[in-house]
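J.: Sequence first, predicted model second:
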Amino acid sequence: DAGVTQSPTHLIKTRGQHVTLRCSPISGHKSVSWYQQVLGQGPQFIFQYYEKEERGRGNFPDRFSARQFPNYSSELNVNALLLGDSALYLCASSLQGEKLFFGSGTQLSVL
Amino acid sequence: SQQGEEDPQALSIQEGENATMNCSYKTSINNLQWYRQNSGRGLVHLILIRSNEREKHSGRLRVTLDTSKKSSSLLITASRAADTASYFCATDEKGGGTSYGKLTFGQGTILTVHP
């Protein structure tokens, strides 16, 4: 079975632009979570979705939004990009919500 | 926000030695997990210990949990150069309902194992 896949792997944007990151969970996993990891720090929770419903939201501004589709894939959207949004964005899926399986991430650079 | 601190921030050892990393957290938890990250890419789950467990083993890994001190330690025995990576503890905090994937991560320990 394929693992969690994320696209794109790298992305360069300029301030004020909008970005969409995509994630496909492991087959059979209905839970998807998004994390932001700034260089030198641990991942920070952004969103979690289960069965297409938002089940949790971290301390991020409303510029960040997400959704989960009927096939359980997910998108993370960030509007009005700031320099501080430069980070590795990680998607994780899980079966029962305990052990997380992470994708390789999308490295976002905002110039 | 980060749940707590990991200690040390960086650890450098020789192959064959044991590596111990510590993690402290602030809130009541359902479980605590350890993850490994190579070269700033995806994290890999290593081991999970529940709040009612005190010690758990998996291969060369040994995890302890002290809920009274809100701390955990990860021991890697007989380390190998391939163990070089960043190691993170993550807590599933107690709260309403099932977490469905919300974890709070520490800052991580960078482990370097020299051949």
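T.: Received, thanks.
J.: Show me the helices in chain B, by range?
T.: Ranges of helices in chain B, per DSSP state H: none exist.
J.: quick one: low-confidence ranges for it?
T.: B:1-4, B:96-100 (pLDDT under 70).
J.: Can you show me the strands along it?
T.: B:6-7, B:10-14, B:19-24, B:29-37, B:43-50, B:55-58, B:61-66, B:71-76, B:85-93, B:104-105, B:109-114 (DSSP state E).
J.: which stretch among those comes nearest chain A?
T.: strand B:104-105 (3.4 Å; Cβ to the nearest Cβ). In this view, the C-beta of every residue, glycine as well, is placed from N, C-alpha and C.
J.: Show me what that closest one is in contact with.
T.: Here strand B:104-105 makes contact (Cβ atoms under 8 Å, 6 or more residues apart in numbering or on different chains) with A:35, A:42-45, B:1-3, B:25, B:35, B:88-91, B:93.
J.: Give me the buried subset of those.
T.: A:35, A:42-45, B:2-3, B:25, B:35, B:88-91, B:93 (16 or more other Cβ atoms under 10 Å in any protein chain shown).
J.: Show me the two of those that sit farthest apart.
T.: Spatially, the most separated pair among the buried ones among the contacts of strand B:104-105 is A:Tyr35 and B:Tyr25, at 17.2 Å (Cβ to Cβ).
J.: Of all the helices and strands in chain A, which has the lowest average confidence?
T.: Ranking every helix and strand in chain A by mean pLDDT, DSSP states H and E puts strand A:53-57 at the bottom, with a mean of 90.
J.: Residues contacting stretch B:87-95 from elsewhere in the structure, which ones?
T.: A:42-43, A:98, B:3-4, B:6, B:21, B:23, B:25, B:27-37, B:43, B:46, B:51, B:72, B:74, B:99, B:102-109, B:111.
J.: What's opposite residue 74 in the beta bridge?
T.: No chain in the question, so chain A it is. Beta-bridge pairing for A:Ser74 (DSSP bridges): A:Cys23, A:Gln68.
J.: meant chain B, my bad for not saying
T.: Here B:Leu74, judged by DSSP bridges, has bridge partners B:Met21, B:Val63.
J.: In chain A, where is pLDDT below threshold?
T.: A:1, A:97.
J.: Please identify which of the contacts of strand B:104-105 is nearest to A:Pro61.
T.: A:Gln44 (13.0 Å).
J.: Skipping adjacent residues, who's closest to that closest one in space?
T.: Spatial nearest neighbour of A:Gln44, excluding adjacent residues (Cβ to Cβ, 6 or more residues apart in numbering or on different chains): A:Gln36 at 5.1 Å.
J.: correct me, but that neighbour touches A:Ala87?
T.: Yes. Between A:Gln36 and A:Ala87 there is a contact under Cβ atoms under 8 Å: 4.9 Å.
J.: ok, A:Leu11 to A:Gln68 distance?
T.: Going from A:Leu11 to A:Gln68 by Cβ to Cβ, to the nearest Å gives 21 Å.
J.: right, I mislabeled it, should have said B:Arg62
T.: 37 Å.
J.: what sits against the closest residue to A:Thr14 other than its chain neighbours?
T.: Distances taken as Cβ to Cβ, 6+ apart put A:Leu111 closest to A:Thr14, at 5.3 Å, once the chain neighbours are dropped. Neighbour list for A:Leu111: A:Ile12, A:Lys13, A:Thr14, A:Arg15, A:Leu83 [criterion: Cβ under 8 Å, 6+ apart].
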